[in-house]
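Enquirer: coords please:
(2 chains)
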Amino acid sequence: MHDIKRLRQHADEVKAAIARKGFDADVNSALALDERWRDLTKQGDELKAELNPASKAIGIAKKAGNDAQAEMDKARGIREQAAELDDQKRDLKAELETILLSWPAEPDSIVPDGLTEKENVVVREWSPGEDEPDFELKDHLALAEELGILDMPRGAKVAGGGWPLYVGTGARLERSLINYMLDIQTGEHSYKELAVPFAVNRESVLGTGQLPKLEEDMYLVDKDDLFLIPTSEVPITNLHRGEIVNGDDLPLQYTAYSACFRREAGAYGADTRGLLRVHQFNKVELVQIVKPDTSDTTHEEILSHATTILERLNLRYRILDLCCGELSFAAARCFDIEVWAPGTKSWLEVSSVSNFRDFQARRLNLRFRGEAKKPELPHTLNGSGLATSRLMVALMETYQTPEGRIRIPADLKSYMGGLDQISGA
RNA sequence: GGAGAGGUGGCCGAGUGGUUGAAGGCGCUCGCCUCGAAAGCGAGUUUGCGGUGACCCCGUAACGUGGGUUCGAAUCCCACCCUCUCCGCCA
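Expert: Okay, the predicted model is just below:
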């Protein structure tokens, strides 16, 4: 959410910054509502300032046994006026909130211009330095179905299209990846592991900024008004919602595995073969809550925490500096990590590492007590570290053998019970 | 799902209509004392909003949340949420 005080002073800047994301913010309506609200607040407070001492005087008079009917009638009149103003104020405030909550975060000034993926900037590419094999590479779906480790038709039978069903060593590989990534992030990068709810309430999704924009992209359990989490960013970042945390405890670093659920509404025509775009996938998420002056450094750190995994698995990847239009609603800056899938012959997004500045913190009413007299807003950041389904695609396609088997990367062998390669389910 | 108890500041806990943003204690901060510390003594110690983008100050709001009654609500009424205990059901 945007700072109303900043908006009052720098409305043009705010409007211009949001416009870089392709969003036309009706700044004037917001300011008009705010001005009326402030005006009514002033009037209301003045009335109450009159009312409160009058009520006290009535109390004293009645205690002394004096009649105070005239004063009571007068006080009632004032109270009715004040109540009238309160009602108007509430409506104005609600209207203003609705508007402000619908505005995306301002992108950082260094974020590249542009509204489509064409304007994303490749900032770095990494490769293990091995040539691609010279035999005909299969894509992950062909490989996995022939091995029997992925059964999309039966997934469709029990749930629907785009609900993957892993079988045997495929399921084991999925679980291994999750454990492997969690072990690195908790053991080497000092994140505290959480096991979070996979469903969250409306307040939580509003806090991290999936609502109001992405309501149609999430699964809603209507009966309980709960959303299946699209990412564990939501439960993790909401942990300290409404709290004032001790500044000495920052940075707070959390990681959690979770299943992630996405309706992928409107994704028709996009890459949907096999595991490329599914309704449920697994992800290890990294979240940090930090002091504002350190968030740029933290952003780079989280990026390296995510890429570590790919480098140890010897998977080729590249990093994109997302342009304004490609940034998510709440993000001020974001690096995407894309892994190379040699069979599919495309770059697959396996992580988004975002800095939200104080945008989420303000929505969450999340503050910390630091040197300043008043509580301050921290910056929140997160990154996937990583998402398994597309990682699985790259892994299977990269490690395939001419016989259609899948070698197990050295780091994963112990997690796979010493298995060298997958030759069947 | 049923029955009961309960939600008050960083924490414990008092407060069942009146001058209570809230007793008391703990904790914390500062000062005195001390070679230093402890103990003791004294003072301070919530947040939002508006005036006014800072300080001070002033006003206002907040005792789970939202409504209501009243001149006046932490206190009375209604609804909801959450926690705990017991029962039922179930992994």
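
Enquirer: C-alpha only now, for contacts and for neighbours.
Expert: Fine.

Enquirer: For A:Ile60, give its distance to A:Pro53.
Expert: Distance, A:Ile60 to A:Pro53, using C-alpha to C-alpha, to the nearest Å: 11 Å.

Enquirer: A:Gly209 too?
Expert: Taking C-alpha to C-alpha, one finds A:Gly209 at 43 Å from A:Pro53.

Enquirer: Pull the number of nearby residues for whichever residue of the stretch 1-150 of chain A sits closest to RNA strand B.
Expert: Closest contact between the stretch 1-150 of chain A and RNA strand B, by C-alpha to the nearest atom of the strand, is at A:Ala49 (3.1 Å). Applying other C-alpha atoms under 10 Å, we find 11 residues neighbouring A:Ala49.

Enquirer: can you check A:Glu146 too?
Expert: Counted with other C-alpha under 10 Å, A:Glu146 comes out at 16.

Enquirer: how close does it sit to A:Arg277?
Expert: 20 Å.

Enquirer: How about A:Val284?
Expert: 17 Å.

Enquirer: Write out the residues of the stretch 301-425 of chain A neighbouring RNA strand B.
Expert: A:Lys373, A:Lys374, A:Pro375 (C-alpha under 7 Å from any atom of the strand).

Enquirer: Mind checking which of the residues you listed are buried?
Expert: A:Pro375 (16 or more other C-alpha atoms under 10 Å).

Enquirer: Quickly name whichever of the residues of the stretch 301-425 of chain A next to RNA strand B is closest to A:Pro133.
Expert: Nearest to A:Pro133 among those, counting by C-alpha to C-alpha, is A:Pro375 at 57.2 Å.

Enquirer: That closest one touches A:Glu243, doesn't it?
Expert: No - A:Pro375 lies out of contact with A:Glu243 (C-alpha atoms under 8 Å); the separation is 10.2 Å.

Enquirer: Residue for residue, what is the longest helix chain A has?
Expert: Looking across chain A with DSSP state H, the single longest helix is helix A:27-63.

Enquirer: quick one: buried residues of that one?
Expert: A:27, A:30-31, A:33-34, A:37, A:40-41, A:44, A:47-48, A:51, A:54, A:58.

Enquirer: Name the spans of chain A whose pLDDT lies under the cut-off.
Expert: Low-confidence segments of chain A (pLDDT under 70): A:266-270.

Enquirer: Which parts of it are helices?
Expert: A:4-19, A:27-63, A:69-102, A:140-147, A:152-158, A:169-187, A:202-208, A:233-237, A:295-312, A:359-364, A:388-398.

Enquirer: For the residue of the stretch 101-250 of chain A found nearest RNA strand B, give me its contacts.
Expert: For the stretch 101-250 of chain A, the residue closest to RNA strand B is A:Ile244, as judged by C-alpha to the nearest atom of the strand, at 7.8 Å. Listed by C-alpha atoms under 8 Å, 6 or more residues apart in numbering, the contact partners of A:Ile244 are A:Leu366, A:Arg367, A:Phe368, A:Arg369, A:Pro375.

Enquirer: what's around A:Glu95, how many residues?
Expert: By the measure other C-alpha under 10 Å, the count of residues near A:Glu95 is 14.

Enquirer: what do you get for A:Thr380?
Expert: 28.

Enquirer: Correct me if wrong: it contacts A:Val287.
Expert: Yes - judged on C-alpha under 8 Å, A:Thr380 makes contact with A:Val287 at a distance of 7.4 Å.

Enquirer: what do those two both touch?
Expert: Common neighbours of A:Thr380 and A:Val287 (C-alpha under 8 Å, 6+ apart) are A:Thr237.
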